[in-house]
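Novice: Fold the following for me, if possible:
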Amino acid sequence: MPRSLPFLNGLRAFEAAARHGSFSGAGAELHVSPAAVSRLVRLLEQRMGIALFERGPNRLALTAAGGAYRAGLGSLFDELERLTVETVAQAGKRTLILGVGPSFAAHWLIPRLADWHARAPGIEVRVTTGGAAAAFGEGWSCGIRLGGGDWPGFIAIPLFGANLLPVCAPGMAAGLERPEQLAGLPLLRVAHAEEDWPLWLSAQGLAGQVTARGPVFDFYGQAQQAAADGLGVAMGLRPYIDHALRQGRLVAPFAAPVPKGEGWFLIHRPGREEDPAFAAFRAWIVESAR
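Specialist: Numbering: from 1, shown residues only. Below is the predicted model:
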C-alpha cells in the first residue's frame, strides 16, 4: 500500500521558514529565492487545506495549526538528520552480519571472536541469533547452520562435523559405569533434535531397552546447563561441550561418541565471495574450524 505522505518539498520549505521566521531566511538556507519558498509553502497549505502562516506586509507568523505542525516536524527532521548521518557513517565501515544459533554463538563462536578482531580490526562482525530452524535473515552477510550441507540457493562451506556424547554433573557421573544405567535417570532432550538420544542409544545396542524421558529444552546450551546443575543427563553435542568438559563442569561418563550425521557449515548467497570483508572472515573461520 503506498504511503500517504505530504508534499515533501513543501515540508522542507515550511520547516525552514518557520525556523527562520521569514521566507528570505529559508530561501538562503535552501538555496532558492524567497518567492520560491513562498510558493512551496502555499502549495503545501493548499494540499493540506489549512493555513500554516499568517502573512502580513512585514511579518510572517505561524497559525495555531502551523505552530503545532512545526513542533512535530522539528523532531521528525532531527531524527531524519540523525539517521542520515548514521547511515552514511556506517556505509564507510566494513560490517558483516552473521546469523548463528544461540548455542553455537555462546559455546564456539564468541570465545574465538577476540582472535578475529585482533586479526581484522577494521571489519566489524555483528552476531544475530535465532533458533535451529530460523530462516536466513534479510540483511545477513552469511550464516552458520547445522545440517547436511544442502540449502537451495546458498553456497555451503563445511566447517566441522558433530558428535553426540552424553554428559552430566560430576556427582551424577560417579554412579554411572554402563550405558544401561541411564534407564533410571532423567535424559534431557532438545526439542529440535529428538533423534539424538535414539541415535546414540541404538549405537550402544540399547534401542528399545532405554527410552529417553526427561525435560525438553529449546536449545543445546540450555540442556547442557541443566545437566551441569544436576537435573539429569544431557545428550551433549561436540564441540559445544568441549570447554565445559575441560573445566570439569561436565563429565562424559561413557567414552562412546557417535556421529550425528550432520555438520556445521558457513552458508552465504552466491556473489558474496566477491566481498573482501567476507572473504577475510571466511578464511579465518575455516582456519579456526580446523
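
Novice: State the distance from residue 210 to residue 288.
Specialist: 36 Å (Cβ to Cβ, to the nearest Å). In this view, the C-beta of every residue, glycine as well, is placed from N, C-alpha and C.

Novice: Looking at those two, which is more packed in?
Specialist: residue 210 (20 against 14; other Cβ atoms under 10 Å).

Novice: Doesn't the more buried one lie inside a strand?
Specialist: No: if the criterion is DSSP: H, G, I helix; E, B strand; the rest coil, then residue 210 is coil and not within a strand.

Novice: That one touches residue 184, doesn't it?
Specialist: No: using Cβ atoms under 8 Å, residue 210 makes no contact with residue 184, being 9.4 Å away.

Novice: Using the record's assignment, carve the chain into domains.
Specialist: 8-91, 94-290 (automatic domain parsing).

Novice: worst-scoring helix or strand of the protein, pLDDT-wise?
Specialist: Within the chain, no helix or strand scores below helix 64-91, which has a mean of 78 by mean pLDDT, DSSP states H and E.

Novice: low-confidence ranges in the stretch 51-200 of the chain?
Specialist: Scanning the stretch 51-200 of the chain for pLDDT under 70 picks out 85-93, 130-135, 138.

Novice: which residues in it form strands?
Specialist: Ranges of strands in the stretch 51-200 of the chain, per DSSP state E, counting those that start in this stretch, are 53-56, 59-62, 94-100, 123-129, 142-147, 155-167, 187-190.

Novice: Quickly run through the sheet partners of the longest one, with directions.
Specialist: So the one you mean is strand 155-167. Within its sheet, strand 155-167 is paired with strand 233-238 (antiparallel), strand 258-268 (antiparallel), according to DSSP bridges.

Novice: between it and strand 142-147, how many degrees?
Specialist: 50 degrees (axes from the mean of the first three to the mean of the last three Cα atoms, to 10 degrees).

Novice: follow-up on the earlier one: any chance of the strands paired with strand 155-167 in a markdown table, plus mean pLDDT, distance to residue 31 and mean neighbour count?
Specialist: As requested, these are arranged in a markdown table below (pLDDT from 0 to 100; distance: least, Cβ to Cβ, whole Å; neighbours: other Cβ atoms under 10 Å):
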| stretch | mean pLDDT | distance to residue 31 | mean neighbour count |
| --- | --- | --- | --- |
| strand 233-238 | 90 | 63 | 26 |
| strand 258-268 | 91 | 44 | 18 |
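
Novice: Hmm, residue 97 and residue 123 touching each other?
Specialist: No: with contact taken as Cβ under 8 Å, residue 123 and residue 97 are classed as non-touching, separated by 11.9 Å.

Novice: if we can go back for a sec, which of the domains of the chain is buried the deepest?
Specialist: domain 94-290 (a mean of 17; mean count of other Cβ atoms under 10 Å).

Novice: Could you tell me the end-to-end distance of that one?
Specialist: Across domain 94-290, the terminal residues are separated by 26 Å (Cα to Cα, to the nearest Å).

Novice: looking at it, residue 188 is touching residue 215, isn't it?
Specialist: Yes: Residue 188 is within contact range of residue 215, at 5.7 Å (criterion: Cβ under 8 Å).

Novice: Quick check: neighbours shared by the two?
Specialist: 226, 231-232 (Cβ atoms under 8 Å, 6 or more residues apart in numbering).

Novice: So which of the residues you listed are in helices?
Specialist: Residues of the shared contacts of residue 188 and residue 215 located in helices (DSSP state H): residue 226.

Novice: want to try TSV for the shared contacts of residue 188 and residue 215, with distance to residue 167 and pLDDT as columns?
Specialist: Below are the shared contacts of residue 188 and residue 215 laid out as TSV (distance: Cβ to Cβ, whole Å; pLDDT from 0 to 100):
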residue	distance to residue 167	pLDDT
226	11	94
231	12	94
232	10	93
